[in-house]
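*Asks:* Fold the following for me, if possible:
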Amino acid sequence: MRRQRHNFIYESKNHITSQEAKSSLKTAKRLIDKIIVLVKQENPQKHLF
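*Replies:* As a prediction, the model looks like this:
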């Protein structure tokens, strides 16, 4: 992904597909959800959102 981002920014001929973008967004969402669960476990009074 990093190489593709580098190519996209500096050599705009190698764009990522919409499927790759959707997959990246799903992965980011899962990571955020896990972070929220961990923060709530550590300190239930803290809410990120």
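
*Asks:* any idea of the mean pLDDT for the helix ranked longest in the chain?
*Replies:* Secondary structure assigned by DSSP state H gives helix 18-42 as the longest helix of the chain. Mean pLDDT, computed over helix 18-42, is 92.

*Asks:* buried stuff in that helix?
*Replies:* Using 16 or more other Cβ atoms under 10 Å as the test for burial, helix 18-42 gives no buried residues. Where C-beta positions appear, they are placed from N, C-alpha and C, glycine not excepted.

*Asks:* Next up, phi/psi of Thr17, please.
*Replies:* Summarising the backbone geometry of Thr17 under the convention degrees, to the nearest 10, its torsions are phi -80, psi 160.

*Asks:* what about it, distance to Arg30?
*Replies:* Taking Cβ to Cβ, to the nearest Å as the measure, Thr17 falls 20 Å from Arg30.

*Asks:* ditto for Ile16
*Replies:* Looking at Ile16 against Arg30, where the rule is Cβ to Cβ, the gap reads 19 Å.
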